[in-house]
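S.K.: got a sequence here, can you build the structure:
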Amino acid sequence: MVHVIPERIVSNAADSIARSKRSQQKRLLVDAADILDRRGVEAQTIAAAGSPLREILQAADNVAADLIVVGRRQRQRPSLTGSLTAALVRSAKRDLLLVSYDGCDTRLEPLARRR
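M.R.: Residues are numbered from 1 along each chain as shown. Next up, the predicted model:
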């Protein structure tokens, strides 16, 4: 499981903001791993900062992933052009599974909103 803080947030942030983002990232990954563990899914967590596309693809390579699973929010006007999803579809050399947030367990949503 990879969570990436986009480089524009880290590079433009004061140290205290960057530390806050890292703290939120750590909590999000711990909470997500706990939920998966309770469901019998073993997850390795990776906290990264930089280009989401580059970091996700690098993490997949580093762990020799068979599959990249990406959560995707439904938007009022769906757009694949210019999105991380579109970039992953074009760039991933591994199978890619897109999972819509609609109808999914949203127990992590309050933590994600604190970003």
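S.K.: alpha carbons of the longest helix along the chain, in CSV - could you do that?
M.R.: In terms of residue count, the longest helix belonging to the chain (DSSP state H) is helix 15-38. Taking Å, rounded to 0.1, in the frame of the first residue of the first chain, the C-alpha atoms of helix 15-38 are listed here in CSV:
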residue,chain,number,x,y,z
ASP,A,15,8.9,22.4,7.6
SER,A,16,6.1,22.4,10.1
ILE,A,17,3.5,21.8,7.4
ALA,A,18,5.6,19.0,5.8
ARG,A,19,5.9,17.3,9.2
SER,A,20,2.2,17.6,9.6
LYS,A,21,1.6,16.0,6.2
ARG,A,22,4.0,13.2,7.1
SER,A,23,2.2,12.6,10.4
GLN,A,24,-1.2,12.4,8.6
GLN,A,25,0.3,10.1,6.0
LYS,A,26,1.6,7.7,8.7
ARG,A,27,-1.7,7.6,10.5
LEU,A,28,-3.6,7.0,7.2
LEU,A,29,-1.3,4.0,6.3
VAL,A,30,-1.5,2.5,9.8
ASP,A,31,-5.3,2.8,9.9
ALA,A,32,-5.6,1.3,6.4
ALA,A,33,-3.2,-1.6,7.2
ASP,A,34,-5.2,-2.3,10.4
ILE,A,35,-8.5,-2.5,8.5
LEU,A,36,-7.0,-4.8,5.9
ASP,A,37,-5.4,-6.9,8.6
ARG,A,38,-8.8,-7.4,10.3
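S.K.: for the following helix or strand past that helix, what is the average pLDDT?
M.R.: For helix 15-38, the succeeding helix or strand toward the C-terminus, using DSSP states H and E, is strand 46-50. For strand 46-50, mean pLDDT rounds to 90.
S.K.: which residues does the helix or strand following strand 46-50 contact?
M.R.: Using DSSP H and E, the helix or strand that follows strand 46-50 in sequence is helix 52-62. Defining contact as CB atoms under 8 Å, 6 or more residues apart in numbering, one finds that helix 52-62 is touched by 2, 4, 6, 46, 48-49, 65, 68, 70, 84, 87-88, 91-92, 94. In this view, the C-beta of every residue, glycine as well, is placed from N, C-alpha and C.
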